[in-house]
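Undergrad: Okay, structure incoming, though there's no sequence with it:
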């Protein structure tokens, strides 16, 4: 059965009720619920657990895990492996079509994005030849063919190939004990996933697939049940305008505190987590609001991993002085964030430019801890000249990780932010070791390579590998991407960043095949998405985000960006009118200009307060200007009289 309906019509509730009934009847061996992401699987398991139902892990699976079980001999290339392989091919390519642009930032990722879309559609290069008319298209096709061949040579299967083989195995061998299959949370299905669903429809006694309206023609053999009514309450949306993104998040934080609700009843939905994630983290911590980022950040963004990456970069590039000094300012460095490290930093900057690790060691005679640290690192200065198998470089890198990383101390009575930091550090170290192992697989065992090559591969893995960190806290504000929010229902929801180019994002044509080309391909059975379909996806995501709230819905946006440039408010807000049954009612208001900051205790040490008052008996205009710009800067310069870092040499 194909269960279709608009966002908020109850498709997920229907599936959960069915799975709950299966579990209560003790038929868990005969049913499976397949979802797109691990976070959705976790959320649904917790939802069922709160209803008093024990959920075996085999019952709720991601589609990736389900396919892996059916194709144990097929391995899909990691994103870093694909990016590294394409980079090598572009370096070796001598075609005039790419010579000018191959080295430009972002070009490799754009090319890889097109290739991944084609591989997801299980589209072989030969099927594209009838649509190839220009030199760039022909050269891309040759590059794509070589890329796929090298993936096969290294033993990798594509996403489409894995799903095709999984579907074939279901048709030939059946599903074993599984009689009922439910698929929920999908709204864009690839060619391989379509094949998988068709195979499940043939062999399962009962199949239920939830999908947005409009996909009925894709599965003509499945009976359709429509959920036309939106049963969830539709609160009047308040559109809140703020001066800047930071002001926008501050307003959200203040409103969360004013609700006097448990934090877990509030959610913040973001379309661009790379823009709003750091802002939310900074502001919510300042307001004392516990939160959980549901989007997994890349390994390279975790503090300990970022420190190790820059340390290895310093070794690969010959110990650049400014880069090494920056490492001494990190908490993960064994001598970092100490008075000795600060004094050494100033001493070195007075004598720049220098000459690598030997220069740094000469300046460290009066700083014994720093000197010992640098002496240890000097043992690695020969690495850039050596060549070894990748496995040996991995062992050396992991040994360096153990010796030159200072992990947080574990003690009783730690506050939750510190506990979470320790958990993140431990999980990040596991991820770092896995990334180091993944980098080894890019070369034959017997091939000797330079350390710089191994480091580049490791850095790619760190940049492209997401690291979800377990966080079992329940009473937190959940910060959700628009892709993660579709299974949630919360009393209070904030949808932030509603400006053009952020939400909605404006899709652009790819580098090689125009929208007209894609329309012709669709007519010939090649399922590539057009610009109109991508724009429709943005509209669908907005509808999903605005149907998660049951009591209060806030649509927020900043008038201008951090640089003061005026933003264009999202046109989705303009079209959210009362005459649209699927859109929330809207009430527009202005965020207040002044905020009442979270209550801060007054300084209780009397003599310290008197000393500060005595130091500031009078003010200069420049001091007032500094205070208005940044109170922390004023405190450092005017109260503590901190000395500024020596200026860099001309």
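TA: Arrived safely. Because the structure is a prediction, the values reported are computed rather than measured.
Undergrad: Setting aside sequence neighbours, what's the nearest residue to residue 649?
TA: residue 352 (5.3 Å; Cβ to Cβ, 6 or more residues apart in numbering). (Each C-beta comes from the backbone N, C-alpha and C, glycine too.)
Undergrad: Count the neighbours of the one you found for me.
TA: By other Cβ atoms under 10 Å, 15 other residues sit near residue 352.
Undergrad: Check residue 274 too.
TA: 11.
Undergrad: now the helix or strand where it lies: how far from the chain's centre is it?
TA: In the assignment (DSSP states H and E), residue 274 maps to helix 273-287. Put simply, helix 273-287 sits 14 Å off its chain's centre (Cα atoms, centre = their mean, to the nearest Å).
Undergrad: Following element in sequence after the strand ranked longest in the chain, please.
TA: In the chain, with assignment by DSSP state E, the single longest strand is strand 549-558. Moving toward the C-terminus from strand 549-558, the next helix or strand (DSSP H and E) is helix 571-574.
Undergrad: Quick check: buried residues in that next one?
TA: Residues 572-573 are the ones in helix 571-574 that count as buried (16 or more other Cβ atoms under 10 Å).
Undergrad: what does that helix rub up against?
TA: The contact list for helix 571-574 (Cβ atoms under 8 Å, 6 or more residues apart in numbering) reads 239, 498, 500, 503-504, 539, 542, 555, 557, 586.
Undergrad: Among these, name the buried ones.
TA: Among the contacts of helix 571-574, the ones that count as buried by 16+ other Cβ under 10 Å are 239, 498, 503-504, 542, 555, 557, 586.
Undergrad: Out of these, list just those in helices.
TA: Among the buried ones among the contacts of helix 571-574, the members found in helices (DSSP state H) are residue 542.
Undergrad: and of the buried ones among the contacts of helix 571-574, the nearest to residue 157?
TA: residue 504 (34.2 Å; Cβ to Cβ).
Undergrad: and the gap between residue 552 and residue 288?
TA: 21 Å (Cβ to Cβ, to the nearest Å).
Undergrad: Same check on residue 325?
TA: Distance of residue 325 to residue 288, given as Cβ to Cβ: 34 Å.
Undergrad: Which one's more surrounded, the two?
TA: Counted by other Cβ under 10 Å, residue 325 and residue 288 do not tie: residue 325 has more neighbours, with 18 against 10.
Undergrad: I figured that one hits residue 346, correct?
TA: No. Counting by Cβ atoms under 8 Å, residue 325 stays clear of residue 346, with 9.7 Å between them.
Undergrad: that older thread, now, which of the contacts of helix 571-574 sits nearest residue 382?
TA: Distance to residue 382, by Cβ to Cβ, is smallest for residue 503 among the contacts of helix 571-574, at 50.9 Å.
Undergrad: With adjacent residues omitted, what lies nearest to the closest one?
TA: Leaving out its chain neighbours, the residue that sits closest to residue 503 by Cβ to Cβ, 6+ apart is residue 271, at 3.7 Å.
Undergrad: related to what we said a few turns ago, please produce TSV containing the buried ones among the contacts of helix 571-574, extended by distance to residue 376 and pLDDT.
TA: Formatted as TSV, the buried ones among the contacts of helix 571-574 follow (distance: Cβ to Cβ, whole Å; pLDDT from 0 to 100):
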residue	distance to residue 376	pLDDT
239	57	93
498	51	94
503	49	92
504	52	90
542	54	93
555	54	95
557	51	94
586	62	50
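Undergrad: Quick one: find the helix or strand in this protein with the lowest mean pLDDT.
TA: strand 586-590 (a mean of 54; mean pLDDT, DSSP states H and E).
Undergrad: Spell out which residues make up each domain of the protein.
TA: Taking automatic domain parsing as the domain assignment, the ranges for the chain are 2-73+160-226, 78-153, 237-295+473-590, 300-467, 606-639.
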